[in-house]
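Asker: missing the sequence, but the structure's below:
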């Protein structure tokens, strides 16, 4: 499964990075491909390309604030979760993503 992950917290430092690290580790341990965009503090250090988004099977949004550029995600399967949950329980988030992905098969 190809996953796009967008994380967002107020400062874009601690929670966004911790969520990205936890979800990346869990996804990769299951053999999934994952690319990450971290948002916060009114900046996006690395912006995902539209091609990366288009090729994704699912988009996970782990946020504490509203994300920027949500219009890029139209027609994608979205899993919207709290950033704190992604930090505390990445296994549950990837379980949900797999379930959502498998619903279409």
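Answerer: Yep, it's here. In this text the structure is predicted, and so the values were computed from the model without any measurement.

Asker: any weak-confidence spans in the protein?
Answerer: 12-13, 104-105 (pLDDT under 70).

Asker: need the helices for it, in chain order.
Answerer: Using DSSP state H, the helices of the chain run over 14-29, 50-55, 83-88, 90-103.

Asker: quick one: closest of these to residue 76.
Answerer: helix 50-55 (6.8 Å; Cβ to Cβ). Glycine gets a C-beta too; all of them are placed from N, C-alpha and C.

Asker: can you list the buried residues in that closest one?
Answerer: Going by neighbour count (16 or more other Cβ atoms under 10 Å), the buried part of helix 50-55 is residue 53.

Asker: do stretch 98-105 as well
Answerer: 98, 100-101.

Asker: swap in stretch 25-32?
Answerer: Buried residues in stretch 25-32 (16+ other Cβ under 10 Å): 26-27, 32.

Asker: got it, and stretch 80-96?
Answerer: Those would be 81, 83, 86-87, 90, 93-94, for stretch 80-96 by 16+ other Cβ under 10 Å.

Asker: got the end-to-end distance for that stretch?
Answerer: Using Cα to Cα, to the nearest Å, the end-to-end distance of stretch 80-96 comes to 10 Å.

Asker: what about the nearest residue to residue 46 once chain neighbours are set aside, neighbour count?
Answerer: Nearest non-adjacent residue to residue 46, counting by Cβ to Cβ, 6 or more residues apart in numbering: residue 37, 6.2 Å away. Number of residues near residue 37 (other Cβ atoms under 10 Å) recorded here: 25.

Asker: much appreciated, bye for now.
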